[in-house]
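A.B. asks: Output the structure for:
(2 chains)
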Amino acid sequence: MSDATKDQVIPDARIDDQEEPDHTTPTILSIEDMWVEYKTPHGWLQAVRGATLDIKRGEAVALIGESGSGKSTLGFAILRMLARGARIAKGKAIFTNSRGESYDLVTLPDKNFREFRWSECSMTFQAAQNSLNPVMRVKDTFWETAKAHGKRNHKEIDERTLDLLRKVQLDPRRVFDAYPHELSGGMRQRVSIALSLLLEPDLVILDEPTTALDILTQRAIIDVVKNLREQLDFTLIFISHDLSLAAELADRVATMYGGEIVEYAAVRDTFYRPRHPYTVGLLNAVPPIVGEEFTPLTAIPGSTPNLLDMPSGCPFHPRCPYHTDICIREDPPLMDVGGNHLTACHHHDKVTRDPEIWERMTAEEAVG
Amino acid sequence: MATLVTDVAAIEEEEDVVRQSRLKGFLGNYFLRRLFRAFLTIFFVSTLTFFLVRLLPGSPVDVYINQQIQQYGYTYEEASNQARSLFSIDVEQPLLLQYLDYLKNLVRGDMGMSITAPGTSVASIIESRIGWTIFSVGTALIISFVLGSFIGMLMAYWRGGKFDGFMSTFGAITGSIPDYQLALLFIVIFGVRMGLFPYTQMRGALSSGQQVEFSFAFVQDALYHAIMPILVYVFVSIGGWMLLMKSTTIQALEEDFVTAARARGIPEWRILVFYVGRNAILPLFTTLTVSIGFVVGGSLLVEPIFQYQGIGARLFESIQQRDYSTLQGIFLMITVSVVAANLIADLLYSRLDPRIRSKG
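C.D. replies: Got it, this is the predicted structure:
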């Protein structure tokens, strides 16, 4: 584990934070050097490698990256919902609730953690369509969840449930008494989102909230989340591979690659002034999101790294057109390059959105 | 004139539509459709048994004559004369006529008289025997289902562990031993060789002198006599429940709604009961109701071995004596109970699983 470099970088980033105007906003979640491993027949596989992320209260943070980049694993690790055979090998996740109490989610005892779940931090899952018990009515799911956290006022819970169902633009009366199978996929997704807000948590994690939904339903879900953010006060982490979703919903975007956070910046900076070649690669690989001119799409050459056999140095160097010797030797730390824009690249000052450099690399590869 | 003709045609057409829709309404009704099919099944099976039992080698008269000759040294003449005076059945009557008679009586609810036990009706034979079988096999079924699904659930939670490994092997072995062999094994090893239980005293459904009454002594005595058959039934069937429950529980454990419930901070025991258990046991209910239908058939070979006077032992005797009418009666009863159990399974399942209910 060559994380010594990572350890040094966090204080630096914090110091640079001083010039930011928003340093007065309290941090709600501070993930420090998080490592998550999965047990495989070939040994432990590091799915998250020293992720470091500070999330301010009230922000919406998008975690983006390809499949296998570790974004979902990081989300699950926060709620300690990792699958069998997975563990948090190292790291901290300091959560600060609305009363100013801080605790490390990695070491919090199980009993307290059960209370923490949902009342302080809730999650909507990737397959939210299947996240409701098929033999339970929607109202009973809400009621049971509230009861599990010590709320027993039936009338109050019902009113809050109906109100939330209305807020996610469902017909509350119809959905309230329904069984999950009587609702469409999009409706179930909305019920899940409403359910995640039941106990007024400070932090909500949405894992791939629009995956497996048709394009119109996706639109509706995005609008619902936007509205909820305006009406209710919660911090949002959403995990997605969909850049357009990030552009619409996020205040800040964290790009993950090979289990590391390689860039973390305000949404405008990410899209207009990306400082990591991988983010550039992602942006060039999808049609422009905001009213730019049409540019031809370029794929990132190569494929995602094998997590059991990571390249030396920067994990992205085998696919990077900017890479030099130092990239092969040394994994760059996540550093602030100004304006609270963090990137983990030795050549961040050279990175541009010019697609030509990528095409040249692809051509060279073809020749070589 | 022309208009009149078209009018008539139109009226006829209308009537046709009404008739068709009425028929559709009937067939469209799920319950009625199931009921109709159930009756059809019973009819076919009773017809089949009628002809099949008569295909057995030798008629009741032949069997009786042979018995008399072997046991008492009668001549064939003597024996056949006795048989003719005893048996009311006319085996010479054409098969089709016998069949029509049988159907006619059946529709009136009359299953006829036993051939080899003259003066006893089939209904009274079944009535006197069925209770014991339902008691012994039913108790075994409940024990086996409750215990088996509980063990299966534990196996799923600790899958891959020692308990799971041991129980899987145990279930596979006991599940593959035929019940009559296990019964013999019990008697020979534990009864005769080791003398662990007085197998001769335990014969029969009740001790002699014990009245059928509502008392503790009666229940105790009934249990005492039924315990060996019950043990055998439980042993051979529990493995199936365990393995079935294990697989459905593992499936349920991996459902997204279980993960989601955990994330909501629902207490673990509630998740195990209402999320995992509730969904894992659903498929078992169909199997359970169907097994209830097979209660009678399952006792066929075990009851004669333990000399337990249930319907299975009587069925065994009837086959040996070629007692056609009793055979028909018992088979009819088995058919009806299997079909009824299936029907109940369907209706019950729709009550348990809301997803089926709305499709109804």
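
A.B. asks: Helix, strand, or coil at residue B:332?
C.D. replies: helix (DSSP: H, G, I helix; E, B strand; the rest coil).

A.B. asks: Count the neighbours of the nearest residue to it once chain neighbours are set aside for me.
C.D. replies: Of all residues not flanking residue B:332 in the chain, residue B:46 sits nearest, at 5.2 Å (CB to CB, 6 or more residues apart in numbering or on different chains). For every residue, glycine as well, the C-beta is placed using N, CA and C. Neighbour count for residue B:46, taken as other CB atoms under 10 Å in any protein chain shown: 18.

A.B. asks: which residues touch residue B:46?
C.D. replies: Applying CB atoms under 8 Å, 6 or more residues apart in numbering or on different chains, we find residue B:46 in contact with B:106, B:328, B:331-332, B:335.

A.B. asks: what residues are up against residue 177?
C.D. replies: Because you didn't say which chain, this covers chain A. Contacts for residue A:177 were tallied using CB under 8 Å, 6+ apart; they are A:137-139.

A.B. asks: Not quite, go with chain B.
C.D. replies: By CB under 8 Å, 6+ apart, the contact set of residue B:177 is B:185, B:235-236.

A.B. asks: For chain A, state which of these is nearest.
C.D. replies: residue B:236 (31.5 Å; CB to the nearest CB).

A.B. asks: helix, strand or coil for the closest one?
C.D. replies: Put simply, residue B:236 is helix when judged by three-state DSSP.

A.B. asks: returning to what we had before: pull out whichever of the contacts of residue B:177 are also neighbours of chain A.
C.D. replies: Near chain A, judged by CB under 8 Å from any CB of the partner chain, there are no entries from the contacts of residue B:177.

A.B. asks: which parts of the stretch 51-200 of chain A sit against chain B?
C.D. replies: Within reach of chain B by CB under 8 Å from any CB, the stretch 51-200 of chain A has these residues: A:79, A:81, A:114-119, A:122-123, A:125, A:127-128, A:130-136, A:144-145, A:148-149, A:179, A:181-182, A:192, A:195.

A.B. asks: Got a quick ChimeraX command for the buried subset of these?
C.D. replies: Of these, the buried ones go into a single ChimeraX selection, burial set by 16 or more other CB atoms under 10 Å in any protein chain shown:
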select /A:79,81,114,116,117,118,119,122,123,125,127,128,130,131,132,133,134,135,136,144,145,148,149,179,181,182,192,195
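
A.B. asks: So for the residue nearest to residue B:332, what's the pLDDT?
C.D. replies: As predicted, residue B:46 sits at a pLDDT of 88.

A.B. asks: again, but for the one 10 residues further on
C.D. replies: With respect to pLDDT, residue B:56 scores 82.

A.B. asks: Just the contacts of residue A:177: which are in helices?
C.D. replies: Among those, the residues falling in helices (DSSP state H) are A:138-139.

A.B. asks: and which of the contacts of residue A:177 is nearest to chain B?
C.D. replies: Distances from chain B to the contacts of residue A:177, taken by CB to the nearest CB, are shortest for residue A:137, at 8.2 Å.

A.B. asks: give the contact list for that closest one.
C.D. replies: With CB under 8 Å, 6+ apart, residue A:137 has these contacts: A:176-179.

A.B. asks: now do 7 Å
C.D. replies: Counting by CB atoms under 7 Å, 6 or more residues apart in numbering or on different chains, residue A:137 touches A:177-179.

A.B. asks: again with residue A:328
C.D. replies: Per CB under 7 Å, 6+ apart, neighbours of residue A:328: A:312-313, A:317.

A.B. asks: Would you mind identifying the next helix or strand past whichever strand or helix holds it?
C.D. replies: Element membership for residue A:328 (DSSP states H and E) is helix A:325-329. As assigned by DSSP H and E, the chain's next helix or strand after helix A:325-329 is strand A:335-336.

A.B. asks: And the average pLDDT for the helix or strand following that following strand is what?
C.D. replies: Using DSSP H and E, the helix or strand that follows strand A:335-336 towards the C-terminus is strand A:342-343. The predicted model gives strand A:342-343 an average pLDDT of 92.

A.B. asks: Strand A:342-343 packs against which elements?
C.D. replies: strand A:260-266, strand A:335-336 (3 or more CB pairs under 7 Å, 6 or more residues apart in numbering or on different chains; DSSP states H and E).

A.B. asks: Which of the contacts of residue A:137 fall in strands?
C.D. replies: Using DSSP state E, the subset of these located in strands is empty.

A.B. asks: What pLDDT does the model give residue A:346?
C.D. replies: So, for residue A:346, pLDDT stands at 90.

A.B. asks: ok, so of the contacts of residue A:137, who is nearest chain B?
C.D. replies: residue A:179 (4.4 Å).

A.B. asks: Would you mind measuring from the nearest residue to the closest one once chain neighbours are set aside to residue A:254?
C.D. replies: Spatially, and ignoring its direct neighbours in sequence, residue A:179 is nearest to residue B:354 (4.4 Å; CB to CB, 6+ apart). Between residue B:354 and residue A:254 the computed distance is 41 Å (CB to CB, to the nearest Å).

A.B. asks: neighbour-wise, which of those two wins?
C.D. replies: Using other CB under 10 Å as the criterion, residue B:354 and residue A:254 rank with residue A:254 on top: 28 against 17.

A.B. asks: Distance from the chain centre to stretch A:206-221, please.
C.D. replies: Averaged C-alpha coordinates place stretch A:206-221 at 15 Å from its chain's average position (CA atoms, centre = their mean, to the nearest Å).

A.B. asks: Okay, now that stretch: how far is its last residue from its first?
C.D. replies: One end of stretch A:206-221 to the other measures 11 Å (CA to CA, to the nearest Å).

A.B. asks: Briefly note if that stretch comes near chain B.
C.D. replies: No. If you take CB under 7 Å from any CB of the partner chain as the test, stretch A:206-221 misses chain B, and the best it gets is 10.2 Å.

A.B. asks: list the buried ones in that stretch?
C.D. replies: The neighbour-count check on stretch A:206-221 (16+ other CB under 10 Å) flags A:206-211, A:213, A:217-218, A:220-221 as buried.

A.B. asks: Low-confidence ranges, the chain, go.
C.D. replies: In the absence of a named chain, this looks at chain A. Scanning chain A for pLDDT under 70 picks out A:1-23, A:128, A:288-295, A:365-368.

A.B. asks: not what I meant, chain B
C.D. replies: B:1-29, B:86-92, B:208-209, B:357-360.

A.B. asks: which residue ranges form the helices in the stretch 1-150 of chain B?
C.D. replies: Secondary structure of the stretch 1-150 of chain B, counting by DSSP state H, counting those that start in this stretch: helices at B:2-28, B:30-55, B:60-72, B:76-86, B:95-107, B:122-157.
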